[in-house]
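Peer 1: need the 3D shape of this:
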Amino acid sequence: MSRTSRSFRTAAAATIAALGMLATACGGDGGSTDSKSDGKPVTINYWTWTLGAKSTVEAFNRTHQDIQVKFTEIPSSTEGYSKLSNAVKAGNAPDVATIEYQMVPEFAGQGNLIDLTKYAGETVKSKFPATIQSLVTFGGKTWTVPYDVAPQLYYYRTDLFKKYGIEVPKTWDEFKTAAATVKKKDKNVRLASMPKSDPALLAALSWQAGGKWFATEGDAWKPGVNDTPSKKVATYWDGLIKDDLVQSFTAYSPEETKARTSGKTLSFLGASWSAGGMKTAMPDLKGKWAAAPMPNWGTAASGNYGGTSYGVLKGSKHAEAAAEFIKWLTTNKAGVEARLADLESPSSALPANPEMREVAAAKFDTSYLNGQDLYELASAQVDTIVPGWTWGPNQMDVYTAVQDATAKSGFAAGVDTGQQKAEAGITERGLKLAK
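Peer 2: Numbers count the residues shown, from 1 in each chain. Just a heads-up that it's a prediction; the model follows:
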């Protein structure tokens with residue numbers, strides 16, 4: 001068992017204690033009415049932002065007669081979760097939706113998810129490693145089914161690194177040195193951009209540094225959004241921005257993409273899922289990008305930058321059919337191959353199910369990264385994910401607070417504000433706050 005595996009089991013045990021109320025306060029069996037007595041297939045609604053979804057749904061519908069899926073694309077991040085929460089409140093939520101790992105405790109705690117134990121509990125137990133199971137199973141119940149795991153990766157322009165005479169940085173000290181070198185050689189070019197609009201990236205970097213935005217003590221929550229490692233990360237990036245060594249474009253904006261395509265930004269911080277979007281956003285740069293482990297603080301380490309699971313939302317009348325579709329998405333070879341075959345939005349997400357990683361690697365087009373085996377690199381980084389991280393019960397509010405404060409006053413202010421929101425939110429939800 002890896003150190004990551006041991007730590008997640010410990011964290012899971014603590015989280016179960018803190019979220020014990022889920023066993024009685026949340027979800028239900030959904031009142032599933034998957035009857036096909038009228039001879040018509042069950043139609044389920046599926047909302048997601050994940051790449052490759054369109055081709056995946058088309059492949060499922062071609063090969064299944066009893067279940068048909070209707071796909072709707074929704075925004076990612078806080079906007080997408082607000083849309084899902086509002087849909088549950090309004091009684092028109094989809095059957096299946098994307099739920100990133102950081103949002104599972106909150107969505108379960110709010111009663112937005114149906115308990116999937118009887119529909120998918122055995123699948124999660126038998127198909128996914130303990131490191132992943134603990135992210136979706138707590139309170140004695142299985143709430144979602146894992147889709148991918150997302151250790152951080154560093155993407156860089158091989159041609160421009162050569163042009164400016166810089167090596168791929170292995171540490172954050174080397175990263176700062178390289179950033180200064182690039183600026184000195186060309187005042188219009190920067191090594192990278194650190195967006196102030198992506199709290200998930202800041203969380204992953206804090207995780208990598210050993211931060212723990214949430215922990216539990218018995219049945220009480222102990223937030224640490226501005227703990228020492230997180231403050232170190234925030235101060236580091238505030239300093240780079242203040243010294244004009246990196247840019248700070250809005251994440252996923254046209255300006256950010258233009259800077260990369262024009263050669264004004266030489267590298268960026270991502271995960272395995274980033275590569276799929278690169279193909280569509282920057283098709284003319286095929287063969288000029290490569291990926292490497294994320295720079296670290298002196299020891300090989302990574303945080304999970306995102307990572308997705310699928311849940312069945314409260315109000316669904318077709319929980320059993322929805323779970324069948326989810327199982328196909330996450331553990332079936334045809335499902336993995338279908339999302340990689342999408343020409344409009346190919347996915348490069350690293351499957352959480354280890355058996356599916358070889359399937360994905362065999363299907364993924366490596367030509368964009370000049371033949372580099374992205375899945376081999378990403379799989380190796382899974383074992384460097386720092387142990388001990390726990391997601392909190394009010395993660396979306398914390399993310400919003402961090403993002404808003406960072407935009408106004410910088411990353412250090414962002415984590416301080418996030419800490420305040422975490423503490424207040426725990427109390428407001430009637431949960432215990434550790435002294």
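
Peer 1: just give me how far the longest helix along the chain sits from the chain centre.
Peer 2: Ranked by number of residues, the top helix in the chain under DSSP state H is helix 411-428. Chain-centre distance of helix 411-428: 21 Å, with C-alpha atoms, centre = their mean, to the nearest Å.

Peer 1: before we move on, what about stretch 134-147?
Peer 2: 15 Å.

Peer 1: what of stretch 331-344?
Peer 2: The answer for stretch 331-344 is 19 Å, by C-alpha atoms, centre = their mean.

Peer 1: what pLDDT, on average, does it get?
Peer 2: For stretch 331-344, mean pLDDT is 87.

Peer 1: mind listing what's buried in it?
Peer 2: T331, N332, G335, V336, E337, A338, R339, L340, A341, D342 (16 or more other C-beta atoms under 10 Å). The way it works is simple: take the backbone N, C-alpha and C, and place the C-beta from them, glycine included.

Peer 1: in contact with A292, which residues?
Peer 2: Going by C-beta atoms under 8 Å, 6 or more residues apart in numbering, A292 touches L153, Y154, Y155, Y156, V168, L377.

Peer 1: what sits up against stretch 228-248?
Peer 2: Counting by C-beta under 8 Å, 6+ apart, 172, 176, 179-180, 183, 190-196, 202, 205-206, 208-211, 213, 224, 226, 259, 264-265, 410-412, 414-415 sit against stretch 228-248.

Peer 1: show me which of the residues you listed are buried.
Peer 2: 172, 176, 179, 183, 190-196, 202, 205-206, 208-211, 213, 224, 226, 259, 264-265, 410-412, 414-415.

Peer 1: narrow the residues you listed to those in helices?
Peer 2: Per DSSP H, these map to helices at 172, 176, 179, 183, 202, 205-206, 208, 259, 411-412, 414-415.

Peer 1: how about low-confidence regions in the stretch 51-200 of the chain?
Peer 2: Within the stretch 51-200 of the chain, no stretch has pLDDT under 70.

Peer 1: got the residue ranges for the helices in it?
Peer 2: Listed in chain order, the helices of the stretch 51-200 of the chain (DSSP state H, counting those that start in this stretch) span 53-63, 77-90, 104-109, 117-127, 130-133, 158-164, 172-185, 199-208.

Peer 1: tell me which of those helices sits nearest to W47.
Peer 2: Closest of the helices of the stretch 51-200 of the chain to W47 is helix 77-90, at 6.8 Å (criterion: C-beta to C-beta).

Peer 1: could you check the angle helix 199-208 makes with that closest one?
Peer 2: Put simply, helix 77-90 runs at 110 degrees to helix 199-208, going by axes from the mean of the first three to the mean of the last three C-alpha atoms, to 10 degrees.
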